[in-house]
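Chemist: Please find the sequence and the predicted model below.
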Amino acid sequence: MKPFRMALPRTVEEAAGAGGESFAASKMLAGGTDLLAELKERTQTPDLVINLKRVAALRGIAESPRGLEIGALVTLAEAAEDARIAERWPALRDTILETATPQIRNAGTVGGNLAQRPRCWYYRDESYRCLKKGGTVCYAQEGANEYHAIFGNKICAAVHPSNLAPVLIAHGALVEIAGSGGKTRTIPVEEFFVAPEKNVAAENVLAPQEVIARVILPLNSANRHAAYVEARERLSYDWALCGATASLRLEAGRVREARIVLNAVAPVPVRRKDLEAMLIGAEITDELLERVAKAAAAGATPLRDNGYKQALAGALTKRAILAARAGKGAG
Amino acid sequence: MAANTSEIKIRVGFGDSFRDLTVRIAEGDVPPYEPGTRFDVIGAAAPRLDAEAKVTGSARFTYDQNLPGLLHGKILRCPHPNANVKSVDLTAARAMPGVKAAISFPEVFRTEAVRFAWEGIAAVAAESEAQAEAALRAIAVEYEVLPFCVTREDAMKDGAPQVGRRNQQNVRRIYPEIPFTRDGTIDEKKEAARQVEMREAEAKVDRILKESDTVVQGTFYTQVQTHSPLETHGVVCTWENESLVCYCSTQATFAVRHELTHHQGPVRATNARVLCEYVGGGFGAKFGAGREGVAGALLAKAAGRPVKVMLDRREEHTTTGNRPDSHQVLAMAVAKTGEIRALRARSWGTAGTSPAGAGAHNDVMYELGEIDKIEYGVRTNANDARPLRAPGFPQGVFALEAMMDIAAASIGMDPIEFRKKNDAHPVRRAEYDIACERIGWAAKRGAPAVPRGGADGGRGVGPLRRGVGCASSLWFASGGGGAKVLVRVHKNGTVEVRNGAQDIGTGTRTILGMVVAEELGIRLADVATFIGDTNDPAGPGSGGSTTAPTLTPAARVAAHRAKRQLLDAVARAEGWDAGNLDLRGGKVVGRDGAALAREIDFRAACGLIAEDQIEVLGERPVLDKDHPNYGGLADTNAGVQCAEVEVDVETGLVRVLKVVAVADAGKLINPKLAESQVRGGVIQGVSYALYERRIMDRIEGRMVNADFEFYKILGAVDCPEIEVVLLDVFMGHNNTHVMGLGEPPVVATAAAVANAVAHAIGVRIHSLPITPRKVLAALAGEEVRG
């Protein structure tokens, strides 16, 4: 670990300004479950770590006219235990409980889960200077790529590791980002993530000195028929090989609104409007499910060792839709 | 040490089946326990003596040794998988803040060759870990970087880069062994004779294969598995003049001592004391001081301060050994009636930079008829193999047991019936039936495979398919010589047992105490056992499951002699005949266990000792150098495991629902500890079957999953229900009948799981670990090896 200074701001404004002009030399620290590993491996070597733990405004879950607002420092465990989330957004609770381990959920935060870096083993190893770290190669293209992306993998094949992101996107959630000078902006979570084609060095739109303030679940996304399912090699602590979220509004047995999001298959969570279109207006039949499952791998460009994720995408999409339909939801 | 021997008659057997056996035992040995003996201590499921210390964290491992003035040692490692070190410049590092010592590995170990990535290059000791780490980055190393190959396939290609140096070929035959002369060249004459034998075996098996009713074939692959002990390798070293004190996370305290004091070794301590009261797992990787241990000793000497060097997880995965991988091609000839006529085996395995130890034991257990077997070791630019819990067996047995199932199916015979037909082991024959019954073999093997949409007794619901599979095991450990156990009976009634070997988790400390307590007729709590200190009497390295069968007979001899001396003292004082006395229930009793006219308890008896104490150094009895043990019920111990799995055919996920492990290891000193060994073996076996594997990057030649995130080890949720059935066998190999149980329980598990998966989904996966990717590929009619 490279020695660094640590700032302990008390307000969002202080946090956003603490890094000064040299953002590249500073890193935000929330739960630390991701950043500490990066510091130890020296994939990040900031001069300044901005520890957010004293920023009270980033804590807590509250309802507002905008929706259910979840502070960026709310831990995964706190979110999973929140009665409002459990009652009205159970898919979010479910995906959290699929995440990591109890210890990590006790420390890891909602903001950190969105801003965490990929687990690509080339990225995580200091000795591989990959594209993300300013190098010229994505080693996963020709190297060991069993767990890598099957979609959007031409430049960088790391998959985005967030379990919360697909479910938040499926619910049309927003993320509020605070910048320096008290400025904030609120964007859909879907637009928070950035594909490698736009910026291979980062996975999201966070600009220098910006910090995630909160995530907002719109009230109209509550009580949907929604479900998150994932496949992994090991049921104990493991990363998803592929995950699928379905959020449906059903009316008289037909799908009126639908969101399908796949995760762990691309550098960013993948919203599948093509699959949604197949569902909207239709009745969910076995035949439709088979067609949707088959279509789930459309556009995939698997690498040497990860073609199996195409089958997983299909199977899990089908399961997510079935689970969403079976789950309780209004309308 | 050819001792005088005498012939005695003993009883061997298990369950309700015993027989007489005439054996030779060494002078000074005591006759083995008699079946039917009423034991007071032995056979009790006593909690291990250090359970509380381990659970509460008060047990002090090497990691926990923080001596005053401790410095932190770190090792600089080479990122290249194949290179020669041209120079190492420590000048800048030595000048870094806090740095107290620095050493160069090419100098210390007298080699410039680096043949796998993350091999050590230099080490520093500094006041803090951060300072040591910073200093490593200031070391300038000049490499001559060479081409490399890190996988078996790559190393076997025409024109593959040479892994070794000089005339070392990448591929070398390791079985039948190539005969070498003293100067290291091939003994051409002997080799020519061996070639003739190999051709003859090949021709013989060719003939049988041609004439046989049925011939089945299969090609199998297994992965590289690392030991992954929770406590990494490392030492804490401190010197007093020329004398070294070394706390070492080891499974062989005396071997480490030997290494550190060897007159040609890099450390050459005049005297060394190696201490290891607790080890956080060894599994075969911790038989020596290792380069990290040598570095710790040399840095401490150079700095004149204690130094701690503990490896981090990446270093542990990449530099401290592994179980070699394998590629096994088997053919088996079977008669319609079920007898196996012949086995042909060709296999290749990589044990890293040396070909040695890459064998897969795929010709074991069963009566296999004619065998034609050739094995090759393949050098790769990857970390070398070290023994890993039953070296060569889980991989060989995985292939062999798959062949057993394939062969049984080819003649329409039940897999277990087929095994019994070809298995002569008296214990294993009994174990098949127990395993069958406990897993519900007959009902589950016969259940329809097609899911019927409900829990109606079929083998699956929706995408889930269930299956059961069987595999068996064997092991050889009855212990050997060279060990001594010290028993001291103090005048105040306290009893002390000492041996310098370590307890790698099997419960050595506890069972030594139990054997001595049994002999002295006292409780386990009345005995203090001291282990893990080379200032105490010699003990074995914990390898080959030999610790318990090596030490318990020595402990028994020592305790027995101490008892006789104590009873002599009692007899002298009381005017009794010592020959009519014994110790039992904390009292002096008659030979037949009857109470005496005057009650003398154990402490009072000890008060009658003339000197301060009775001290007996009991040596492990051996018949002669090559035959440490008597003949017995069977040469090996046995073991049968059955697994039930559930496979999700849409996601490829395999869950092991239950493993029934029927195990035996001679006489069970402590069934609770024995059961714990079996559980551990099954857990490690399931982990090997489904999760663990070293993944090498072929671009830069380094392991990409040298962590516990992508080097996946079974976790609590993945752990099956494990039902352990232990047989108590009077094996007759030594005076306690004890055989080892560290390794046997891991031998069969992966094979049983793989056979259950094949039963569940109707297609066989020929490669470990059985990942979702492979299951999905197999169901799609493809094969994935990796």
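Modeler: Received, thanks.
Chemist: can you tell me the residue of the stretch 651-786 of chain B closest to chain A?
Modeler: B:G715 (2.3 Å; C-beta to the nearest C-beta). (Glycine included, C-beta is placed from N, CA and C.)
Chemist: which ones are touching that residue?
Modeler: With contact taken as C-beta atoms under 8 Å, 6 or more residues apart in numbering or on different chains, B:G715 is in contact with A:234-237.
Chemist: Make a markdown table from those residues and add pLDDT and distance to B:K86 to it.
Modeler: As requested, the contacts of B:G715 are exported to a markdown table (pLDDT from 0 to 100; distance: C-beta to C-beta, whole Å):
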| residue | pLDDT | distance to B:K86 |
| --- | --- | --- |
| A:R234 | 96 | 43 |
| A:L235 | 94 | 49 |
| A:S236 | 93 | 46 |
| A:Y237 | 92 | 43 |
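Chemist: Get me the contact residues on chain B for chain A.
Modeler: B:79, B:130, B:133, B:463, B:650-653, B:655, B:690-691, B:695-700, B:702, B:704-705, B:709-710, B:712, B:714-718, B:771-773, B:776-777, B:780, B:786 (C-beta under 8 Å from any C-beta of the partner chain).
Chemist: so of those, which ones are in helices?
Modeler: B:130, B:133, B:690, B:772-773, B:776-777 (DSSP state H).
Chemist: mean confidence score for stretch A:139-153?
Modeler: Averaged over stretch A:139-153, pLDDT sits at 98.
Chemist: Now do B:R452, the pLDDT please.
Modeler: So, for B:R452, pLDDT stands at 42.
Chemist: are any of the residues of chain B next to chain A buried, and which?
Modeler: Neighbour-count burial (16 or more other C-beta atoms under 10 Å in any protein chain shown) applied to the residues of chain B next to chain A gives B:79, B:130, B:133, B:650-653, B:655, B:690-691, B:695-700, B:702, B:704-705, B:710, B:712, B:714-715, B:718, B:771-773, B:776-777, B:786.
Chemist: domain parsing for chain B?
Modeler: Structurally, chain B divides into domains by automatic domain parsing as follows: B:32-60+B:479-619, B:65-146+B:233-310, B:425-477+B:632-779.
Chemist: nearest to B:P387, of these?
Modeler: Distance to B:P387, taken as C-beta to C-beta, is lowest for domain B:65-146+B:233-310 among the domains of chain B, at 3.6 Å.
Chemist: And the helix or strand of chain B with the lowest mean pLDDT, what does it pack against?
Modeler: Every helix and strand of chain B was ranked by mean pLDDT, DSSP states H and E. The lowest is helix B:441-446, at a mean of 92. The helices and strands touching helix B:441-446, judged by 3 or more C-beta pairs under 8 Å, 6 or more residues apart in numbering or on different chains; DSSP states H and E, are strand B:464-472.
Chemist: Dig out what B:V616 forms beta bridges with.
Modeler: Assessed by DSSP bridges, B:V616 has beta-bridge partners B:V487.
Chemist: distance of it from chain A?
Modeler: In this view, B:V616 and chain A are 49 Å apart by C-beta to the nearest C-beta, to the nearest Å.
Chemist: Verify the contact between that residue and B:A562 for me.
Modeler: Yes: between B:V616 and B:A562 there is a contact under C-beta atoms under 8 Å: 4.5 Å.
Chemist: show me where the stretch 251-400 of chain B has helices.
Modeler: Counting by DSSP state H, counting those that start in this stretch, the stretch 251-400 of chain B has helices at residues B:253-261, B:290-303, B:313-319, B:393-410.
Chemist: Mean pLDDT, mean neighbour count and distance to B:R488 added to the ones you listed, as a markdown table?
Modeler: Below are the helices of the stretch 251-400 of chain B laid out as a markdown table (pLDDT from 0 to 100; neighbours: other C-beta atoms under 10 Å in any protein chain shown; distance: least, C-beta to C-beta, whole Å):
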| stretch | mean pLDDT | mean neighbour count | distance to B:R488 |
| --- | --- | --- | --- |
| helix B:253-261 | 98 | 23 | 20 |
| helix B:290-303 | 98 | 25 | 31 |
| helix B:313-319 | 98 | 21 | 38 |
| helix B:393-410 | 98 | 26 | 40 |
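Chemist: TSV for those helices, including distance to A:A293?
Modeler: Shown next, in TSV, are the helices of the stretch 251-400 of chain B (distance: least, C-beta to C-beta, whole Å):
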stretch	distance to A:A293
helix B:253-261	58
helix B:290-303	52
helix B:313-319	38
helix B:393-410	32
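Chemist: near chain B, which residues of the stretch 201-331 of chain A?
Modeler: So far as C-beta under 8 Å from any C-beta goes, the stretch 201-331 of chain A lies against chain B at A:231-239, A:241, A:305-306, A:308, A:311-312, A:315-316, A:319.
Chemist: what helix or strand is the closest residue to chain B within chain A on?
Modeler: Per C-beta to the nearest C-beta, A:S236 is where chain A lies closest to chain B, at 2.3 Å. Under DSSP states H and E, no helix or strand contains A:S236.
Chemist: quick one: contacts for residue 143?
Modeler: All of this refers to chain A. Taking C-beta under 8 Å, 6+ apart as the test, what A:G143 contacts is A:122, B:697-699, B:704.
Chemist: Not quite, go with chain B.
Modeler: B:78, B:80, B:83-86, B:114.
Chemist: Which of these are buried? Put it as a PyMOL command.
Modeler: Buried members of these, defined by 16+ other C-beta under 10 Å, are picked up in PyMOL with:
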select buried, chain B and resi 78+80+83+84+85+114
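Chemist: What is the least confident helix or strand in chain A?
Modeler: helix A:12-18 (a mean of 89).
Chemist: pLDDT weak spots in the stretch 1-150 of chain A?
Modeler: A:21-24 (pLDDT under 70).
Chemist: Swap in 80 and give it another go.
Modeler: A:19-24 (pLDDT under 80).
Chemist: Show the pLDDT at the spatially closest residue to B:V649 that is not a sequence neighbour.
Modeler: Nearest non-adjacent residue to B:V649, counting by C-beta to C-beta, 6 or more residues apart in numbering or on different chains: B:P463, 5.0 Å away. At B:P463 the predicted local confidence, pLDDT, stands at 94.
Chemist: Just the pLDDT for B:N66.
Modeler: pLDDT, read off for B:N66, is 96.
Chemist: any idea how far it lies from B:V274?
Modeler: For B:N66, the distance to B:V274 equals 18 Å [C-beta to C-beta, to the nearest Å].
Chemist: more neighbours, those two?
Modeler: Just comparing B:N66 and B:V274: by other C-beta atoms under 10 Å in any protein chain shown the higher neighbour count belongs to B:V274, 29 against 10.
Chemist: any idea of the pLDDT on that one?
Modeler: Here the pLDDT value assigned to B:V274 is 98.
Chemist: Using the three-state scheme, assign A:I169.
Modeler: helix (DSSP: H, G, I helix; E, B strand; the rest coil).
Chemist: Quick check: mean pLDDT of stretch A:268-277?
Modeler: Mean per-residue pLDDT for stretch A:268-277: 98.
Chemist: Actually, stretch B:762-777.
Modeler: For stretch B:762-777, mean pLDDT is 97.
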